[in-house]
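Enquirer: sequence plus the predicted model coming up.
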Amino acid sequence: MKPMGSIPADFAMREGALLIAGRTAEDWIAEAGDTPLFVYDMAMVRACIARLRAALPEAMGIHYAVKANPFPPLIAAIRPYVDGMDVASAGEMRRVLDAGMAAADISFAGPGKRDRELEAAIAAGVTINLESEAEATRALAIGDRLGIRPRLAVRVNPDFEIRGSGMRMGGGARPFGVDAVRAAPLIRAIVSAGAEWRGLHIFAGSQALDAAAIAETQAATVALAGELSDAVGAAPPLVNLGGGFGIAYFPGEQPLDVEAIGSALAGTLAGRVPILAESAFAIELGRWLVGEAGVYLTRIVDRKESHGETFLVTDGGLHHQLAASGNFGTVVRRNYPVAVAHRMGDEPEETVSVVGCLCTPLDLLANKVSLPRAEAGDVIALFMAGAYGASASPQAFLGHPPALEILADPPFSSQS
Ligand SMILES: *Cc1c(COP(=O)(O)O)cnc(C)c1O
């Protein structure tokens, strides 16, 4: 038997059945029409945002990093609760604009932006977080051609990264941002070319669970923003401090202490250098806002034995939920929390592996976990599926249908 992560405490049950936003897994499946299905509990997302607002200094903006989950109804539901959204492609930008987010509150980061993407952003009035000098040159030329003053921020590749961060995105040689030593000359160049300089974007890592490490990185980030601004001789309108807040997927992991981060950040901001006095600050989070709120529901198609081991073969798999199979940025495969959806309250009875329907040994959703007995036709719930799920998995692999997705936001979703 191998351990699994813990099921988020927000999920209740009724007569042993998992409840998501007050309704059972089978209710959601009936409403959506089939399995496999991702259900996102909007009340949990709102609760995360509210907790964060309470924890952070009042002046701190909260941005949603859309790539964690770009499901349009979710984007639309989150919009009223955040101060901005950060997108990483013109496709995400379109979805966010369609959801009614003001262009002035959208920023577009990411390497390899094509001319047509830069043009769409400039025409819409979205801020471009520049990833290189060459990108700046192209954006300025496009602004000239369109007769529009582009809104440009500079993404800085800092010389540090979050200690123990799950995914390295800053420090050393990176395709993201311009190296810190080259940022000030670039800012001067875009300002003198007539662009509207919107500020700095400094992102140093992802999936960190150590509050002290995040606080340390935020302090270093504010210090770097101050040094760069002094070097330029101008105050950045906005300093985007990045994010990096992780969630506890695996056994033994502790949820992040965001209250500790908030109080450290209050101290950091109180001690900032004078040039940053009037600057706005924001953090951008994807995973932490939406990751726990998603459940992936998949039905058992076959139950089989092989060499003394039991396999529950489901209609889902890594083509929808790659991360749970351990093939999305993890070094060692560990089990996400998983349950038999109508037997949540029951004691485990057997050790089984839950696999998907893809013809590859990689398609392992839960390895030798201890569960109540389940049969073909029963539904398996995989938790922690709200971020980097459907949109971050190879849905075309093997030609099965894409997963269904539904936003659980009663009373609205229950009325359809
Ligand atoms: C991916 C990404 C994020 C979101 O990261 P999470 O770990 O999901 O919070 C934020 N900012 C940038 C620049 C990103 O590339």
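Expert: That came through fine. Numbers count the residues shown, from 1 in each chain.

Enquirer: and this structure, what are its domains?
Expert: 12-40+292-415, 70-285 (automatic domain parsing).

Enquirer: report how many residues lie close to the closest residue to the ligand within the stretch 51-200 of the chain.
Expert: Proximity of the stretch 51-200 of the chain to the ligand (C-beta to the nearest ligand atom) peaks at Ala65, 3.4 Å away. For glycine as for every other residue, the C-beta is placed from the backbone atoms N, C-alpha and C. Look at Ala65: counted by other C-beta atoms under 10 Å, it has 26 neighbours.

Enquirer: next one, pLDDT for the nearest residue to it once chain neighbours are set aside please.
Expert: Using C-beta to C-beta, 6 or more residues apart in numbering and skipping the chain neighbours, the partner closest in space to Ala65 is Gly286 (3.6 Å). With respect to pLDDT, Gly286 has a value of 97.

Enquirer: then Gly166?
Expert: 61.

Enquirer: again with Trp197
Expert: Trp197 carries a pLDDT value of 98.

Enquirer: just checking, it touches Ala153?
Expert: Yes: if you go by C-beta atoms under 8 Å, Trp197 and Ala153 touch, sitting 7.3 Å apart.

Enquirer: list residues touching both of these two?
Expert: Pro236 (C-beta atoms under 8 Å, 6 or more residues apart in numbering).

Enquirer: ok, those two, which is more surrounded?
Expert: Remark: of Trp197 and Ala153, Ala153 carries more neighbours, 26 against 20, as counted by other C-beta under 10 Å.

Enquirer: could you give the number of residues near the nearest residue to that one once chain neighbours are set aside?
Expert: For Ala153, ignoring the flanking residues on the chain, the nearest one in space by C-beta to C-beta, 6+ apart is Arg198 at 4.2 Å. Arg198 is flanked by 21 other residues according to other C-beta under 10 Å.

Enquirer: Arg198: what secondary structure?
Expert: Using DSSP: H, G, I helix; E, B strand; the rest coil, the structure places Arg198 in strand.

Enquirer: ok, it touching Leu152?
Expert: Yes: Arg198 is within contact range of Leu152, at 6.3 Å (criterion: C-beta under 8 Å).

Enquirer: joint contacts of these two?
Expert: Shared contacts of Arg198 and Leu152 (C-beta under 8 Å, 6+ apart): Thr127.

Enquirer: neighbours around Ser393, how many?
Expert: For Ser393, the count of nearby residues is 23 (other C-beta under 10 Å).

Enquirer: I'd like to know how far it sits from Ala25.
Expert: Applying C-beta to C-beta, to the nearest Å, the value for Ser393 to Ala25 is 20 Å.

Enquirer: which strand in this structure runs the most residues?
Expert: Determined from DSSP state E, the single longest strand within the chain is strand 294-306.

Enquirer: go through that one and flag the buried ones.
Expert: Gly294, Val295, Tyr296, Leu297, Thr298, Arg299, Ile300, Arg303 (16 or more other C-beta atoms under 10 Å).

Enquirer: now render the residues you listed as TSV, adding pLDDT.
Expert: Below are the buried residues of strand 294-306 laid out as TSV (pLDDT from 0 to 100):
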residue	pLDDT
Gly294	98
Val295	98
Tyr296	98
Leu297	98
Thr298	98
Arg299	98
Ile300	98
Arg303	98
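
Enquirer: looking at these, spot the one nearest Gly233.
Expert: Nearest to Gly233 among the buried residues of strand 294-306: Gly294, at 45.6 Å, using C-beta to C-beta.

Enquirer: show me the beta-bridge partners of the closest one.
Expert: For Gly294, the beta-bridge partners under DSSP bridges are Tyr40.

Enquirer: so it touches Asn69, yeah?
Expert: Yes: the pair Gly294 / Asn69 is scored as a contact, 7.2 Å apart, by C-beta under 8 Å.

Enquirer: which neighbours do those two share?
Expert: Common neighbours of Gly294 and Asn69 (C-beta under 8 Å, 6+ apart) are Tyr40, Gly386, Ala387, Gly389.

Enquirer: report the contact partners of the second one.
Expert: By C-beta under 8 Å, 6+ apart, the residues touching Gly386 are Phe38, Tyr40, Val45, Ala68, Asn69, Val290, Gly291, Glu292, Ala293, Gly294.

Enquirer: what pLDDT, on average, does the longest helix along the chain get?
Expert: For the chain, the longest helix by residue count, based on DSSP state H, is helix 211-232. The average of the pLDDT scores along helix 211-232 is 97.

Enquirer: and if you look at stretch 391-402?
Expert: 97.

Enquirer: so which of the domains of the chain comes closest to Glu58?
Expert: Closest among the domains of the chain, using C-beta to C-beta: domain 70-285, at 9.1 Å.

Enquirer: so Glu350 touches Glu375, yeah?
Expert: No: judged on C-beta under 8 Å, Glu350 makes no contact with Glu375 at a distance of 11.7 Å.

Enquirer: how about the contacts made by the closest residue to Arg14 other than its chain neighbours?
Expert: Leaving out its chain neighbours, the residue that sits closest to Arg14 by C-beta to C-beta, 6+ apart is Thr24, at 6.9 Å. Residues near Thr24 by C-beta under 8 Å, 6+ apart: Arg14, Ala17, Leu18, Ala341, His342.

Enquirer: likewise Ser393?
Expert: Leu318, His319, His320, Gln321, Leu322, Ala323, Phe328.

Enquirer: and which of these is nearest Asp159?
Expert: Nearest to Asp159 among the contacts of Ser393: Phe328, at 27.4 Å, using C-beta to C-beta.

Enquirer: neighbours of the closest residue to the closest one other than its chain neighbours, how many?
Expert: Nearest non-adjacent residue to Phe328, counting by C-beta to C-beta, 6+ apart: Leu322, 4.6 Å away. Leu322 has 22 neighbouring residues, counting by other C-beta under 10 Å.

Enquirer: if we can go back for a sec, and the longest helix of the chain, what does it pack onto?
Expert: helix 180-192, strand 196-202, strand 238-240, helix 258-270 (3 or more C-beta pairs under 8 Å, 6 or more residues apart in numbering; DSSP states H and E).

Enquirer: in this structure, what residue comes closest to the ligand?
Expert: Closest to the ligand within the chain is Gly286: 2.8 Å, counting by C-beta to the nearest ligand atom.
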